[in-house]
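K.L.:
I need the structure of the sequence given here:
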Amino acid sequence: MKDFNHCESLYWVFTQLCNDQCDHCYNNSGPQGKRMTEAECLQIIENLPDRIDRIILSGGEPLAEKKLLFTILDALTARYGDTTQIMLQTNGDLLTGEILDTLIEKGVTRFDIASIDRYHKHAGARLMDLASLFESRGVNGDDRDPLIEKETYLVKGKSLSWGYWGATEDMWLGGNWARGRALEKGIWKRDPQHNFCSILSGGIGFLTGAPGIPQEISIQLWKINPCCPGTWKAMGDARVDKVADVLARVAESPVFRKINEGDPLGMGESIGVSREYATGRVAELKNICLWCDEFFREHFASNP
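P.N.:
Numbering: from 1, shown residues only. Here you go, the predicted model:
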């Protein structure tokens, strides 16, 4: 049986507070976004697996809760030392030289500017300023891909790097996130052929990893999920549940094993929901994540 006390990658949205309120935001981040207490965040860190190769801290906007972010970074260093690569996803709006120095001092080695698109307030206008800022601190900008290779983030004595990306209709607003404000605003892409579950940040490999894809789970505030969009009901509560125990439990479920395979069309077969029925519903809903919601709400809830 896999040792779930070792996780290759963890994506943690520790706040939904944000200085912006983008129409495409999948978790409704904004000035009134949901937040957690310092005590809750520290308890979550205690409940994380004993070994994690990479932790991605995101939001919301992490720098909108700068004090909490610094506390989290200190706690992660105390728990994992330099054995875990810490990555930060930020829109870059609030980043200054002083803050960047502190983040580097506290162990962040990878920075991803996730706002270079027309949906964000500045629509990429700060990119050159940010490039100059990173260059002034010796942060390498040659690797622009935010989903850096597994071999890169496993190297000890990691060098500093940064990259940038943004939402596009084909990808980050594609068949992926029919969630939050994007769904409310009607700007999600209707594409039943797009299987977000089968790509990085989807459910594939969340238990075992997959070819070219690390074993990665997502924690949205405290909700433990197999993917960034998350299942309709979280797998567990990281404030009270040991993450490794949650993963070991769902690994016994044929439903979650299908998600691990990146096959949400087949996740209901073990409880009598056929692949043909699922395919038809995805075609009607025009989005595979909406089918996942419906499945967990209407079929799995009474057949756990």
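K.L.:
excluding chain neighbours, what is closest to M235?
P.N.:
Among residues not flanking M235 along the chain, I224 sits closest, at 4.7 Å (CB to CB, 6 or more residues apart in numbering). (C-beta placed from N, C-alpha, C; glycine too.)
K.L.:
so for that neighbour, what's the pLDDT?
P.N.:
Model confidence at I224, expressed as pLDDT, equals 98.
K.L.:
next, it: secondary structure please.
P.N.:
Using DSSP: H, G, I helix; E, B strand; the rest coil, the structure places I224 in strand.
K.L.:
what bridges to it?
P.N.:
Under DSSP bridges, the beta-bridge partners of I224 are I219, G236.
K.L.:
repeat that for L17.
P.N.:
The partner residues for L17, given DSSP bridges, come to G30.
K.L.:
residues contacting it?
P.N.:
By CB atoms under 8 Å, 6 or more residues apart in numbering, the contact set of L17 is 29-31, 33-35, 59-61, 64-65.
K.L.:
which stretches in the protein count as helices?
P.N.:
Assigned by DSSP state H, the chain shows helices spanning 38-47, 66-80, 97-105, 127-136, 150-153, 180-185, 243-250, 254-260, 275-285, 288-294.
K.L.:
ok, back up a step: quick check, nearest of the contacts of L17 to G212?
P.N.:
G59 (27.0 Å; CB to CB).
K.L.:
so what touches stretch 62-69?
P.N.:
For stretch 62-69, contacts defined as CB under 8 Å, 6+ apart pick out 14-15, 17-19, 35, 38, 41, 57, 59, 88-90, 93-95, 99.
K.L.:
tell me which residues in it are buried?
P.N.:
Buried residues in stretch 62-69, counting neighbours by 16 or more other CB atoms under 10 Å, are found at 62-65, 68-69.
K.L.:
and those as a markdown table, adding distance to T77 and pLDDT?
P.N.:
Below are these laid out as a markdown table (distance: CB to CB, whole Å; pLDDT from 0 to 100):
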| residue | distance to T77 | pLDDT |
| --- | --- | --- |
| P62 | 16 | 98 |
| L63 | 18 | 98 |
| A64 | 22 | 98 |
| E65 | 18 | 98 |
| L68 | 15 | 98 |
| L69 | 13 | 98 |
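K.L.:
switch the residues you listed over to TSV; also include distance to G186.
P.N.:
Conversion of the buried residues of stretch 62-69 to TSV gives the following (distance: CB to CB, whole Å):
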residue	distance to G186
P62	28
L63	30
A64	27
E65	30
L68	33
L69	33
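K.L.:
tell me which of those residues is nearest to A125?
P.N.:
Nearest to A125 among the buried residues of stretch 62-69, with distances taken as CB to CB, is L63, at 17.5 Å.
K.L.:
K223: how many residues sit nearby?
P.N.:
17 (other CB atoms under 10 Å).
K.L.:
surely it meets G230?
P.N.:
Yes. With contact defined as CB atoms under 8 Å, K223 counts as touching G230 (6.2 Å).
K.L.:
what about F14, how many residues close to it?
P.N.:
F14: 24 neighbours (other CB under 10 Å).
K.L.:
what sits closest to K121 if chain neighbours are left out?
P.N.:
Nearest non-adjacent residue to K121 (CB to CB, 6+ apart): D20, at 4.8 Å.
K.L.:
separation between that neighbour and G60?
P.N.:
With distances taken as CB to CB, to the nearest Å, D20 is found 10 Å from G60.
K.L.:
the more surrounded of those two?
P.N.:
When D20 and G60 are compared for neighbours, G60 comes out ahead with 27 against 18, by other CB under 10 Å.
K.L.:
residues contacting R51?
P.N.:
Applying CB under 8 Å, 6+ apart, the residues near R51 are 5-7, 80, 83-84.
K.L.:
the nearest residue to M87 once chain neighbours are set aside: how many residues sit nearby?
P.N.:
The spatial neighbour of M87 that comes closest, neighbours along the chain excluded (CB to CB, 6+ apart), is R110 at 4.0 Å. R110 has 24 neighbours, counted by other CB under 10 Å.
K.L.:
beta partners for R110?
P.N.:
The partner residues for R110, given DSSP bridges, come to M87, S161.
K.L.:
wait, it sits on Q89?
P.N.:
No. Using CB under 8 Å, R110 is not in contact with Q89; the gap is 9.3 Å.
K.L.:
report pLDDT for E269.
P.N.:
pLDDT, read off for E269, is 97.
K.L.:
for it, what are its contacts?
P.N.:
Here E269 is in contact with 254, 258, 275 (CB under 8 Å, 6+ apart).
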